[in-house]
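> here is my input, please return the structure:
(one chain, ligands or ions: 2)
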Amino acid sequence: MPNSKSVVILGAGAWGTTLAKLAAINGNQVHLWSRQEPLEKILENNNPQIILSAISMKGVRDVASIVQSFPLAPQTIFVTATKGLEPHTTYTPSQIWQAAFPNHPVVVLSGPNLSQEIAQDLPSATVVASKNANAAQSVQLVFSSHRFRVYTNPDPVGVELGGTLKNVIAIAAGICDGLHLGTNAKAALVTRGLTEMVRIGKNLGAITETFYGLSGLGDLLATCNSPLSRNYQVGYQLANGKMLEEVLASLPGTAEGVNTCRVLMEIAKQRSIPIPITEQVYQLLAGQVTPRVALDKLMLRNIKPEFDDFPREQMW
Ligand SMILES: NC(=O)C1=CN([C@@H]2O[C@H](COP(=O)(O)OP(=O)(O)OC[C@H]3O[C@@H](n4cnc5c(N)ncnc54)[C@H](OP(=O)(O)O)[C@@H]3O)[C@@H](O)[C@H]2O)C=CC1
Ligand SMILES: O=C(CO)COP(=O)(O)O
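Ligands and ions are numbered 1, 2, ... in the order given. Model (predicted):
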């Protein structure tokens with residue numbers, strides 16, 4: 001294949017395995033790494049043009065520092081598909097990769113991508129975002145197929161935060177469905193959840209419009225409406241009376257929203273950003289409130305205008 005690339009995928013979990021298949025379908029030479037094997041051989045023998053990380057948030061920094069110890073071609077592109085935030089530093093995965101490899105292009109891949117559906121060959125779309133347009137376009141070509149439509153976007157911060165912040169709202173959506181609160185409640189929750197995502201995103205330097213695209217609203221809808229989502233499952237099972245430890249132990253894979261929620265509360269406190277839904281999810285995960293009390297606390301907040309920053313000329 002003339003445009004075939006050497007692609008190393010780090011993390012042989014649900015998402016890494018699915019992305020490896022998508023890249024292989026297009027004739028790329030794909031090498032999937034799980035931490036049971038030595039990374040050295042894969043990196044040294046294959047001269048990767050693209051290194052994609054689908055590692056859970058908790059492993060990103062360690063894996064990035066292992067990769068740092070190997071010589072790489074200067075044009076090697078890093079792609080990150082992790083949806084999480086690092087505790088304490090509050091870094092996003094792409095910030096960790098960019099800090100470890102300051103001279104390499106970094107691309108964020110994120111969208112409404114429940115891996116089980118993609119693995120069944122169902123149609124799906126995603127976004128690849130980077131400050132480096134050429135790098136984003138290269139990654140777009142690697143993964144685009146008749147079943148996986150890949151868009152480029154110049155706002156990596158917004159794309160990455162969309163995929164990360166929606167996980168907390170998906171926990172809340174699972175609670176909403178687990179309590180059988182109805183379609184009106186779910187619509188209100190998801191819409192106000194998007195408002196929280198935009199508020200945090202803008203504060204962290206994202207472009208607002210990005211949150212209304214695939215990686216924001218798109219992923220929010222997919223994750224808040226699917227029992228395939230691990231984050232949704234956390235909320236649903238908590239609403240049905242299970243303990244958090246019990247839910248996490250039985251979950252197939254990682255629910256990043258649990259840790260993301262804790263990190264978001266730190267960010268919101270430092271920057272005085274109001275995020276009431278996230279705050280109730282946080283208190284629920286910490287065992288400080290029951291689902292019903294969290295609901296009442298949200299419904300009984302002070303009444304207020306719908307939008308924080310409606311255009312001045314449109315106000316009364
Ligand atoms: N599944 C999905 O539908 C999607 C997932 N994502 C995101 O992708 C990321 C991975 O998700 P997913 O594949 O589903 O999760 P899984 O739990 O299935 O896999 C997690 C992966 O991370 C690796 N890992 C975990 N901790 C460490 C560590 N300390 N050091 C090295 N490797 C580690 C695991 O390795 P090992 O197997 O050796 O434990 C495994 O390869 C998450 O951030 C998730 O939000 C994004 C889009 C879709
Ligand atoms: O990010 C995802 C879909 O886009 C996967 O969601 P979960 O991690 O909640 O399963």
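> surely L122 is in contact with S115?
No. Look at L122 against S115 with C-beta atoms under 8 Å: they stay out of range, at 10.9 Å. Just so you know, the C-beta spots here come from the backbone N, C-alpha and C atoms, and that holds for glycine as well.
> tell me which of the two has more neighbours.
For L122 versus S115, the count of surrounding residues by other C-beta atoms under 10 Å is larger for S115: 19 against 11.
> and the worst-scoring helix or strand of the chain on mean pLDDT, what's buried?
In the chain, no helix or strand scores lower on mean pLDDT, DSSP states H and E than helix 39-46, which sits at a mean of 90. Neighbour-count burial for helix 39-46 flags 39, 42-43 (criterion: 16 or more other C-beta atoms under 10 Å).
> that helix and ligand 1, are they touching?
No. Taking C-beta under 6 Å from any ligand atom as the criterion, helix 39-46 and ligand 1 are apart, separated by no less than 9.9 Å.
> averaged pLDDT, the helix or strand just after that helix. What do you get?
Tracing the chain C-terminally past helix 39-46 and defining elements by DSSP states H and E, one meets strand 50-53 next. Per-residue confidence for strand 50-53 averages out to 98 on the pLDDT scale.
> repeat that for stretch 287-303.
Per-residue pLDDT over stretch 287-303 has a mean of 97.
> which residues are contacting it?
Outside stretch 287-303, the residues that touch it by C-beta atoms under 8 Å, 6 or more residues apart in numbering are 175, 178-179, 181, 238-239, 244, 276-277, 280-281, 283-284.
> what bridges to A125?
R149 (DSSP bridges).
> so what's whichever residue of the chain sits closest to ligand 1 up against?
Of all residues in the chain, G13 sits closest to ligand 1, with a separation of 1.9 Å (C-beta to the nearest ligand atom). By C-beta under 8 Å, 6+ apart, the contact set of G13 is 54-56, 253-254.
> just flag the most distant two among the residues you listed.
Distances among these were taken as C-beta to C-beta; the most separated pair is I55 and G253, at 12.2 Å.
> so which of the two has more stuff around it?
Taking I55 and G253 together and counting by other C-beta under 10 Å, I55 has the greater number of neighbours (27 against 11).
> that one reaches V63, doesn't it?
Yes. Because the distance of 5.2 Å satisfies C-beta under 8 Å, I55 is recorded as touching V63.
> overlap in contacts of the two?
By the contact definition C-beta under 8 Å, 6+ apart, I55 and V63 are jointly contacted by 10-11.
> return the member of the buried residues of helix 39-46 nearest to ligand 2.
Set against ligand 2, the nearest of the buried residues of helix 39-46 by C-beta to the nearest ligand atom is L39 (24.5 Å).
> may I have the secondary structure class of the closest residue to A24 other than its chain neighbours?
Counting by C-beta to C-beta, 6 or more residues apart in numbering, V30 is the residue found nearest to A24 once chain neighbours are left out, at 4.5 Å. Here V30 takes the strand state, with states given by DSSP: H, G, I helix; E, B strand; the rest coil.
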